[in-house]
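Visitor: missing the sequence, but the structure's below:
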């Protein structure tokens, strides 16, 4: 148990330090709002699982999630084995990757962190939820030939992770302009003015945003697969307590009416 807790804390720390994220709450870009309705859409969650397995699970693991838990999303064991299992043979296995940590550190400068609870660990009370951050991050990549990977990101300038979804979104360039600093007129600031599409992707902008929403919904679900059940149970408990409060109040009035 102690080893499991230590591993989980290590993953959270790596996620906070190594996963490309927005700048501190005092700066950086504003986070877009993640479409929360996707959390209750099974088709979106299933598509998000497919995107995760195809684009994320090559380098990042989800070592606290088992493949067979995907049955909670309405998938059968046969569907999981046929379409979502590329790194394992048993449906009860954990979502681990075969990437050697030493090679990963040599290639990327750090071991890619586990993503099981990444959506929960990236929350910022002043900016939004972890899902908001991920939704913004995956939609603000642009080409930058001055970087080693050829990519940069508005949510985290000089990001080390390349744009793994570029085939879907296409390649974009970011347009910047120098403007006077409103706090110090002797200085100028680099202001973002929009994107320029360089090459088309497999998806148009609306389709890509929807696909990213599906992926983020799955990452949010994976951090707590029972959250839907917990919410429903919470509503039932609150309704029960409300009804019981009324009953208790009326009983109390009946018991004390003769005393008064």
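Guide: All right, it came through fine. Note that the structure is predicted; figures quoted are calculated from it, not measured. Numbering: from 1, shown residues only.

Visitor: So which other helices or strands are in contact with the lengthiest strand in the chain?
Guide: Taking DSSP state E as the criterion, the chain has its longest strand at strand 184-199. Strand 184-199 sits against strand 171-181, with contacts defined as 3 or more CB pairs under 8 Å, 6 or more residues apart in numbering; DSSP states H and E. Using the backbone N, CA and C atoms, a C-beta is placed for each residue, glycine as well.

Visitor: First-to-last residue distance for stretch 135-148?
Guide: The straight-line separation of the ends of stretch 135-148 (CA to CA, to the nearest Å) is 24 Å.

Visitor: quick thing: my sequence starts at 197, can you match it?
Guide: With the count now opening at 197, the last piece we talked about shows up as stretch 331-344.

Visitor: which residues sit against that stretch?
Guide: 216-218, 225, 227-231, 346-352, 354, 356, 359, 361-362, 365, 367-370, 391, 394, 404-405, 408-409, 411-412 (CB atoms under 8 Å, 6 or more residues apart in numbering).

Visitor: now the biggest helix by length in the chain: how far from the chain's centre is it?
Guide: If you go by DSSP state H, the chain has its longest helix at helix 423-452. Distance of helix 423-452 from its chain centroid, counting by CA atoms, centre = their mean, to the nearest Å, is 35 Å.

Visitor: what do you get for stretch 273-290?
Guide: So, by CA atoms, centre = their mean, the centroid of stretch 273-290 is 22 Å from its chain's centroid.

Visitor: List the buried residues of it.
Guide: 276, 277, 280, 281, 284, 287 (16 or more other CB atoms under 10 Å).

Visitor: Turn the residues you listed into a markdown table, columns for secondary structure.
Guide: Below are these laid out as a markdown table (DSSP: H, G, I helix; E, B strand; the rest coil):
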| residue | secondary structure |
| --- | --- |
| 276 | helix |
| 277 | helix |
| 280 | coil |
| 281 | coil |
| 284 | coil |
| 287 | coil |
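
Visitor: Out of those, which one has the lowest pLDDT?
Guide: Lowest-confidence member of the buried residues of stretch 273-290: residue 284, scoring 79 (pLDDT).

Visitor: Which residues are in contact with the residue nearest to it when sequence neighbours are not counted?
Guide: Nearest in space to residue 284, with sequence neighbours left out and distances taken as CB to CB, 6 or more residues apart in numbering, is residue 263 at 6.8 Å. Going by CB under 8 Å, 6+ apart, residue 263 touches 276, 280, 281, 284, 286, 287, 288, 289, 291.

Visitor: tell me the SS of the fifth one?
Guide: Spelled out, it's residue 286. Residue 286 ends up coil, using three-state DSSP.

Visitor: Let me see the backbone angles for the residue lying closest to it once chain neighbours are set aside.
Guide: Leaving aside its chain neighbours, residue 286 sits nearest to residue 263 (8.0 Å; criterion: CB to CB, 6+ apart). Dihedral angles phi and psi of residue 263 (degrees, to the nearest 10) take the values phi -60, psi -40.

Visitor: Ok, residue 262 next?
Guide: Main-chain torsions, residue 262, degrees, to the nearest 10: phi -100, psi 150.

Visitor: Quick one: neighbours of it, just the number.
Guide: 17 (other CB atoms under 10 Å).

Visitor: where along the stretch 197-346 of the chain do the helices fall?
Guide: 198-214, 238-247, 273-279, 297-304, 314-317, 326-333 (DSSP state H, counting those that start in this stretch).

Visitor: So, low pLDDT: which residues of this structure?
Guide: 197-224, 456 (pLDDT under 70).

Visitor: can we see that at 80?
Guide: 197-224, 283-284, 297, 300-306, 376-386, 454-456 (pLDDT under 80).

Visitor: Quick one: end-to-end length of stretch 373-382, please.
Guide: Note: stretch 373-382 ends 16 Å apart using CA to CA.

Visitor: Who are the contact partners of residue 395?
Guide: 366, 367.
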